[in-house]
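In: could you look at this predicted model? Sequence included:
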Amino acid sequence: MSTFNPHSEDEIVEIVQWALSEQAPIEIIGQGSKRELGRPLQTEHTIALSTYSGVTLYEPDELVLAAKAGTPVAELEALLAASGQAFQFEPMDYGPLLGRAAGQGSLGGLLTTNLCGPRRLKAGSARDHVLGVRVVSGRGELFKSGGRVVKNVTGYDLSKGMAHSWGTLGVATEITFKVLPKPEAETTLVLRGLADDEAARAMAIAMGSSGEVASAAHLPGNVASRVIGGTLQGEASTLLRLEGFAPSVADRAEMLKKLLASAGTVDTLSEDISRNLWREIRDVIPFADGTERPVWRVSMAPMEAYKLVASLRMGAAVDAFYDWQGGLIWLRMEGDPEAEAVRALVAKYGGGHATLVRASVALRAALPVFEPQPAPLAALSKRLKQQFDPSGIFNPGRMVAGV
Amino acid sequence: MPGLVMPKADEATMSRRAAIVAALQAIVPGEGVVDATNEMRVFESDALTAYHQLPLVVVLPQTVAQVSLILKYCYENNVKVVPRGSGTSLSGGALPLEDAVLLVMTRFNRILEIDYPNRAAVVQPGVTNLGITKAVEHEGFYYAPDPSSQIACSIGGNVAENSGGVHCLKYGLTANNVLGLEMVLITGEVIRLGGKHLDSEGYDFLGLMTGSEGLLGVVTEVTVRILQKPTTARALMVGFPTSEQAGQCVAEIIAAGIIPGGMEMMDRPAIHAAEDFVHAGYPLDVEALLIIELDGPAVEVDHLITMVEAIGRKNGATTCVISQSEEERMAFWAGRKAAFPAVGRISPDYLCMDGTIPRKELPKVLAGMRELSEKYGLRVANVFHAGDGNLHPLILYDANIPDELHKAESFGADILRLCVKVGGVLTGEHGVGVEKRDLMPEMFNEIDLNQQIRVKCAFDERHLLNPGKVFPQLHRCAELGRMHVHRGKVPFPDIPRF
């Protein structure tokens, strides 16, 4: 059992070539912050990229940042904040949900798990902001794709190809991202006491308005009590985040209050509370309970998602809250993960995907963690894996057996 | 691109033409198959008009089942296929091949569903880009990416090229606005990627498909994000004595956290050509002109206009006019939007290039272009998506002068080499196609290119879809699949392992 700690791209290439010659499967990690997510691996060897760390390019005026894959995301966020900038896609931190410390993730994992946050609706996810990658393939070859400019259609976008590949296609060694200035002001409007379906309609009205809502979430009563120190007082809360220049935020807040007047009184949260609230929603703090109780992350059409929760509640004890205008459900099960029921309901209500983001090792080994794909798509996934990693040495079976 | 060489036509396929036509007619009855030379003429070129080629036969299917059967037939019979939407590619992406079926998707022209609460529209690929906006604008919505050909270009083509446009600085490219696809693989298999929900359950095939230039599959349905139209839009016209000052102004606007709806730059030759043509009121005594549009709630737009004006003045603007009416805003844009035809008036022909550079390199690249202009004895005018560094140099030439097209192409290639040299790329939004195909090695080495071709191999291992585009050389997939593994020893015996 070996753990390799490379310090250069050449060393990464050498390790991969050695693993190839031994036909030895190898796990790719940064600091291992998301090891409890995905199908469990049983590889003898590990590449830990935390030693391959550091910023290689940061030009605030050009809104571009490049760093080695092992660079901690927290370090990059601090660097960006010092220039008033940020990753606009607001990458979540799985640490608290998975029972680990916060701030352990690194840049490579951010891309290969395609992280994002509550601003997903407006700002996209990691895949929408990556500009370029350098990667060591499963053939032991270093290749690059993309570049450092925003607008680029030169060849296939392999940078996006690496997004959500969970380390099964290659070892990303260096990644370039677009960054943006942080919004000057922020506030959150709170609608009280709405049922899930009413909340979905209210969020759709807000998102379809000219209010430029950056994030829209709904916390049912029992979840609302578990964020920002209980400030929301355990009453169902539908949350609309507004960001931008101060005069614009104030103007849009007034417009939305009028627009949503029929849904009852609208409260306003101060900037600091708003920032903390969305960070807690981003990191699924209501379910960060130190247990292994199964948690699902389900992505569906916003106006369908609440129907899944309502149907599921008829047969099982579940705790749920919604982000992304209702289209992202975080679902904690009291007992059994009910995988078949969850996925049957996803299919019934317009399709989407359900990922079992937290569960015991036994469950993750026994159940499909990622949404199973129809046969032609599953076959295409296998062929893509084969083209990047023909010997199957990288994170074998992390996503699906055989990939 | 001088001396473009396309893959050698396969005699065996050509000799089977009658059988292929008959097979296609059996799949798409009636007028869906075009095989008469005079009727195929209209398809022999796309918007890269310097090149034309009659296809083997043209087929215009109307259903997904027909597309599936056509591709399956071509796969089983080893016949090449070139997909085509509206034919507005500026890089020759839809240039036919003598031995290939031209698969034209224009009859897929229906809007299937508009879903306002989920802010999505489901459309067939032949629907035009502007057609989507037209279908939703009565509810105050629109589809954000707006390539300049939006009145004609199809959404399927936009997916193939990852089209941008003036608004993509703020609202993203096609890749950021497409939620889902239905597509047919060369085997005839139909797959669905994404939908009204966000992000992928597995590999990001949506990301790989967008901008793949018709080499991976044929899109038969597209789900796009629709957005509420901004309530207000106002524009500023800001002129500078030097391009350096204009470039610095752009950098400071963005650094201040302002992302304009559009931010365009024109250089002196482009300003003059446009002003002579449409009389937009552009200042003629400046070296660089910025058109900056701010959109959003009125309060925000007014706030930002003041900020932008101050940044412009600080950087030495000699002209700064703020639109006071919708007519005035449209007048500012009229010159920019007419820049291409305006250049067409002062030159018999022009080539439109499409490199992207880091913004700070603009003065260096413009100076380089002036030198090249002298070297080649050809004029060049520049319009530039200033916010994202996407240059559109227009090289003026006369196709009737022997060898001048060749000279213009060499000039264009040198400009793109310069873009790559300063950290930029060959194409920002027009695609590689055949136009920039042979320049790919300027940006990518053999390993980089081979890995891209391996993606192609996962989708289309026989290289039947749109061959001769994007890649200067298509290696056989079997060849690329070979592994040369050297028996290695355990690396770095001296480093800690656990």
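Out: Looks like it arrived, so ask away.
In: burial count for the residue of chain A found nearest chain B?
Out: Of all residues in chain A, residue A:160 sits closest to chain B, with a separation of 2.8 Å (Cβ to the nearest Cβ). The C-beta positions use only the backbone N, C-alpha and C, and glycine is treated the same way. Counted with other Cβ atoms under 10 Å in any protein chain shown, the neighbours of residue A:160 add up to 29.
In: residue A:181 too?
Out: Here the neighbour count serves as a burial measure; for residue A:181 (other Cβ under 10 Å) it reads 19.
In: list the contacts for it?
Out: Residue A:181 is in contact with A:84-86, B:254-257, counting by Cβ atoms under 8 Å, 6 or more residues apart in numbering or on different chains.
In: what score does the residue nearest the centre of chain A have for pLDDT?
Out: Nearest to the mean C-alpha position of chain A, by Cα atoms, centre = their mean, lies residue A:115 at 3.0 Å. Residue A:115 is assigned 98 on the pLDDT scale.
In: show me the contacts for residue B:237.
Out: Residue B:237 makes contacts with B:281-282, B:289-291, B:319-321, B:323, B:332, as judged by Cβ under 8 Å, 6+ apart.
In: just the buried residues from those, in ChimeraX please.
Out: What follows is the ChimeraX syntax for the buried subset of those, where burial is set by 16 or more other Cβ atoms under 10 Å in any protein chain shown:
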select /B:282,289,290,291,319,320,321,323,332
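In: list the contacts of the closest residue to the residue of chain A closest to chain B other than its chain neighbours.
Out: The shortest distance from residue A:160 to any residue other than its chain neighbours is 2.8 Å, reached at residue B:207 (Cβ to Cβ, 6 or more residues apart in numbering or on different chains). Residue B:207 makes contact with A:127, A:157, A:160-161, A:163, B:175, according to Cβ under 8 Å, 6+ apart.
In: if I've got this straight, residue B:207 is in a strand?
Out: No: counting by DSSP: H, G, I helix; E, B strand; the rest coil, one finds residue B:207 to be helix, located in no strand.
In: in helices, which of the contacts of residue B:237 fall?
Out: When DSSP state H defines the helices, the subset of the contacts of residue B:237 inside them is residue B:332.
In: need the contacts of residue B:237 in CSV (columns: distance to residue B:438 and pLDDT).
Out: Converted to CSV, these look like this (distance: Cβ to Cβ, whole Å; pLDDT from 0 to 100):
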residue, distance to residue B:438, pLDDT
B:281, 42, 93
B:282, 37, 96
B:289, 34, 97
B:290, 34, 97
B:291, 34, 97
B:319, 42, 95
B:320, 44, 97
B:321, 44, 96
B:323, 44, 96
B:332, 38, 93
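In: returning to that earlier point: now, which of the contacts of residue A:181 lie within helices?
Out: When DSSP H is applied, the contacts of residue A:181 are split such that B:254-255 fall in helices.
In: report the lowest-confidence entry in the contacts of residue A:181.
Out: Lowest in pLDDT among those is residue B:255, which has 86.
In: do I have it right that it meets residue A:60?
Out: Yes: between residue B:255 and residue A:60 a contact is recorded at 6.8 Å, counting by Cβ atoms under 8 Å.
In: who in the stretch 201-350 of chain A is up against chain B?
Out: Applying the criterion Cβ under 8 Å from any Cβ of the partner chain, the portion of the stretch 201-350 of chain A that neighbours chain B consists of A:201, A:204, A:207-210, A:212, A:244-245, A:247-248, A:250-252, A:255, A:299-303, A:324, A:327-328, A:350.
In: surely the residue nearest to the centre of chain A touches residue A:106?
Out: No: the pair formed by residue A:115 and residue A:106 falls short of the contact definition of Cβ under 8 Å, at 11.1 Å.
In: give the contact list for the closest residue to residue A:201 other than its chain neighbours.
Out: Ranked by Cβ to Cβ, 6+ apart and with sequence neighbours excluded, the top spatial neighbour of residue A:201 is residue B:117, at 7.5 Å. Applying Cβ under 8 Å, 6+ apart, one finds that residue B:117 lies in contact with A:201, A:204, A:208, A:302-303.
In: looks like residue B:337 contacts residue B:148 (just checking).
Out: Yes: shown here, residue B:337 and residue B:148 form a contact pair, counting by Cβ under 8 Å, at 7.1 Å.
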